[in-house]
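> give me the fold of what follows.
(one chain, ligands or ions: 1)
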Amino acid sequence: MVLAELGSKISRALQQMSNATLIDEAVLNACLKEIGNALMQADVKVDLVIGLRGNIKKRVNMEEMAAGLNKRKIIEKAVFDELCGLLDAGTEGAKFSLKKGKPNVVMFVGLQGSGKTTTCTKYAYHYKKEGYKPALVCADTFRAGAFDQLKQNATKAGCPFYGSYTVTDPATIAKQGVDRFKEDGRDLVIVDTSGRHKQEAALFEEMREVSEAVRPDLIIFVMDGSIGQAAYDQAKAFKDMVEVGAVILTKLDGHAKGGGALSAVSATKSPVIFIGTGEHIDEFEEFETKRFVSRLLGKGDWESFINKISDVIPEDKQPELLENIAKGQFSMRILYDQFQNILKMGPMSQVMSMIPGFSNAIFPKGHDKDSQSKIKRYMTIMDSMTAKELDETNIKELSKPARLERLARGSGRHKLEVEGLLEEYRRLSKVFSSALKGMKIPKNMKGDM
Ligand code: GDP
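Below you'll find the predicted structure:
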């Protein structure tokens, strides 16, 4: 999960606080010190960390707190709220939302290498799954190969695209593309613009020209999240030059400076709407502060997930299963069992959205029926595996060409589908293992973590 290390350090600090027999000023201070250190290691600005600690101490006044109050819960709640405050950009004006049935024009800006083109495609793919009809326009005439890259990505996302090898004026191409797709009845037209290595006058001038030509409903600034605190100056510079309505932070996959980037962007009062968590098209998450902090601390979602799986997995089997996953022993058999459980659990997208990284993949919102039949097809393929294959955890072994052929033949499914299953297995095994890595699995499953 994104920023897993930061989350586990904060959780550990809270856990140590809870373990103390008596929670007094000294225990609270030690806990806040740990949390502060964890945030600073994630590159959160010192002032923000000091502010956060001060706010928590103000809210948790040990002397005034009546005896009998659950101090542990009060402190946890204060930490949770203050972390949300740190990452919440506030609501300066209403947050933009796309309108169904109207042509929404969204323009992407950012420095070269920030992940802008990749993010345009992820954004298109995300909304395609939500029922929009996206299209991509390449107005990047600065970088050779930009059009080819967008074309390739657009094909992956199954979206139409527009660009030119010969027209050199970005505003002209952008306008042509937007007009064409509006005529075609596309309701989400995404314009990818040129980047530069540095913020410079030519870049801003070009952005202004494209913006004037296409009159976007929203301008999204894409920024590399691995730059940490420096995100503040960059986001501010772009915001001052063009009307940036939202920010997408990329490359937050496991990057230590992610906390710094997220809090720095929020400090500019620009809402982060999505985060990029990998190079793959669906390694993209909607950013919603409370949900993000819950997952960061491994709290709410974990509990609801456990409650859900408790309904379908026999109680004595639960710790064993999770412990195996936490140890990285995520076999095909475990995946098969999980598919079976998922089918029993009902509204699948809801259940799966509790597990980071799971929801966007084969369980898009509003497509429960499709997801169910996909899972059933995958299970048919798994039914033709031998016991040894089901217990295999080495993807290379499973992907041998002869084996793919045999599984396709045995299950009566296409070879591409077998490959699809293996791809899902590879991805989910990564997601599950990192979500549960190092986690202490409670023996009774309902107990505190
Ligand atoms: P652009 O120049 O801003 O259009 O950047 P690109 O879209 O070409 O991306 C630059 C590099 O960053 C490519 O290698 C992408 O695969 C990679 N990239 C983009 N987003 C992410 C992300 O969220 N995580 C990781 N790890 N890499 C990313």
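> quick check: residue 12 vs residue 255, distance?
To residue 255, residue 12 is 20 Å away according to Cβ to Cβ, to the nearest Å. All C-beta atoms are positioned from the backbone trio N, CA, C, and that covers glycine.
> brain fart, residue 390
35 Å.
> do residue 146 as well
Residue 146 sits 25 Å away from residue 255, going by Cβ to Cβ.
> equivalent analysis for residue 76, please.
When residue 76 is compared with residue 255 (using Cβ to Cβ), they lie 26 Å apart.
> neighbour-wise, which of these two wins?
More neighbours surround residue 255 than the other of residue 76 and residue 255, with 23 against 18 (other Cβ atoms under 10 Å).
> SS state for residue 275?
Under the three-state scheme (DSSP: H, G, I helix; E, B strand; the rest coil), residue 275 adopts strand.
> nope, residue 101 is what I was after
Three-state call for residue 101 (three-state DSSP): coil.
> give me the neighbour count for it.
8.
> repeat that for residue 74.
Residues lying near residue 74 (other Cβ under 10 Å) number 15.
> quick check, residue 107 in contact with residue 210.
Yes: between residue 107 and residue 210 a contact is recorded at 6.6 Å, counting by Cβ atoms under 8 Å.
> give the residues shared as contacts by the two.
Common neighbours of residue 107 and residue 210, using Cβ atoms under 8 Å, 6 or more residues apart in numbering, are 174, 191, 193.
> give me the phi and psi for the second one.
Dihedral angles phi and psi of residue 191 (degrees, to the nearest 10) take the values phi -110, psi 120.
> what sits against residue 411?
Residues near residue 411 by Cβ under 8 Å, 6+ apart: 380-381, 383-384, 418.
> so is whichever helix in the chain runs longest next to the ligand?
Longest helix in the chain, counting residues (DSSP state H): helix 415-436. No: interface with the ligand: helix 415-436 contributes nothing (Cβ under 6 Å from any ligand atom), its closest point being 13.0 Å away.
> and that helix, C-alpha only, in CSV?
In CSV, the C-alpha atoms belonging to helix 415-436 read as follows (Å, rounded to 0.1, in the frame of the first residue of the first chain):
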residue,chain,number,x,y,z
LYS,A,415,-5.2,-18.8,-23.9
LEU,A,416,-5.5,-15.0,-23.4
GLU,A,417,-7.8,-15.6,-20.6
VAL,A,418,-5.4,-17.9,-18.9
GLU,A,419,-2.8,-15.2,-19.3
GLY,A,420,-5.3,-12.8,-17.8
LEU,A,421,-5.8,-14.9,-14.8
LEU,A,422,-2.0,-15.2,-14.2
GLU,A,423,-1.7,-11.5,-14.6
GLU,A,424,-4.4,-11.0,-11.9
TYR,A,425,-2.7,-13.5,-9.7
ARG,A,426,0.6,-11.8,-10.0
ARG,A,427,-0.9,-8.4,-9.2
LEU,A,428,-3.2,-9.5,-6.4
SER,A,429,-0.5,-11.5,-4.7
LYS,A,430,1.6,-8.3,-4.7
VAL,A,431,-1.3,-6.3,-3.4
PHE,A,432,-2.3,-8.8,-0.7
SER,A,433,1.2,-9.4,0.5
SER,A,434,2.1,-5.8,0.8
ALA,A,435,-1.2,-4.9,2.5
LEU,A,436,-0.7,-7.6,5.1
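> mind giving me the packing neighbours of that helix?
The contact analysis (3 or more Cβ pairs under 8 Å, 6 or more residues apart in numbering; DSSP states H and E) places helix 415-436 against helix 318-326, helix 332-345, helix 368-383, helix 395-398, helix 401-411.
> quick one: name the residues of the stretch 201-350 of the chain near the ligand.
250-251, 253, 276-279.
> most neighbours, which of those?
Tallying neighbours with other Cβ under 10 Å puts residue 250 at the head of these, with 28 neighbours.
> domain-wise, how is the protein divided?
4-87, 104-288, 299-436 (automatic domain parsing).
> which residue ranges of the stretch 151-300 of the chain form helices?
170-183, 201-214, 231-241, 258-267, 289-296, 300-312 (DSSP state H, counting those that start in this stretch).
> can I get the ones you listed in TSV with mean neighbour count and mean pLDDT?
Shown next, in TSV, are the helices of the stretch 151-300 of the chain (neighbours: other Cβ atoms under 10 Å; pLDDT from 0 to 100):
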stretch	mean neighbour count	mean pLDDT
helix 170-183	20	96
helix 201-214	18	91
helix 231-241	19	90
helix 258-267	27	88
helix 289-296	20	79
helix 300-312	16	48
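> where does the stretch 301-449 of the chain dip in pLDDT?
Across the stretch 301-449 of the chain, the ranges flagged by pLDDT under 70 are 301-319, 321-322, 325-328, 341-342, 344-371, 431-449.
> quick revisit: which of the residues of the stretch 201-350 of the chain next to the ligand sits closest to the ligand?
Of all those, the one with the least separation from the ligand (Cβ to the nearest ligand atom) is residue 276, at 2.6 Å.
> in contact with that closest one, which residues?
Neighbour list for residue 276: 115, 118-119, 122, 225, 248-253, 283-284 [criterion: Cβ under 8 Å, 6+ apart].
> excluding chain neighbours, what is closest to it?
Excluding the flanking residues, the one nearest residue 276 by Cβ to Cβ, 6 or more residues apart in numbering is residue 250, at 3.5 Å.
> specify the beta-bridge partners of the one you found.
Bridge pairing for residue 250 (DSSP bridges) gives the partners residue 224.
> gap between it and residue 73?
Residue 250 is 36 Å from residue 73, by Cβ to Cβ.
> and residue 228, by the same measure?
Distance, residue 228 to residue 73, by Cβ to Cβ: 32 Å.
> contact partners for residue 97?
With contact set as Cβ under 8 Å, 6+ apart, residue 97 has no partners.
> so where does it fall, helix or strand?
Of the helices and strands defined by DSSP states H and E, none includes residue 97.
> for it, report the pLDDT, please.
At residue 97, the predicted lDDT confidence score is 84.
> repeat for residue 221
pLDDT, residue 221: 95.
> who has more neighbours, residue 228 and residue 73?
In this view residue 228 and residue 73 are compared by other Cβ under 10 Å, and residue 228 has more residues nearby, 22 against 10.
> tell me the contacts of that one?
When contacts are counted by Cβ under 8 Å, 6+ apart, residue 228 is found next to 43, 257, 260-261, 264.
> what do you get for residue 88?
Contacts for residue 88 were tallied using Cβ under 8 Å, 6+ apart; they are 266, 289.
> gap between it and residue 285?
Separation of residue 88 from residue 285 (Cβ to Cβ) stands at 16 Å.
> once you drop chain neighbours, what's closest to the residue nearest to the spatial centre of the chain?
By Cα atoms, centre = their mean, the chain has its centre lying nearest to residue 285, at 2.7 Å. Residue nearest to residue 285 in three dimensions, not counting chain neighbours: residue 275, with 5.4 Å by Cβ to Cβ, 6+ apart.
> thought the one you found was touching residue 252?
Yes: Residue 275 is within contact range of residue 252, at 4.9 Å (criterion: Cβ under 8 Å).
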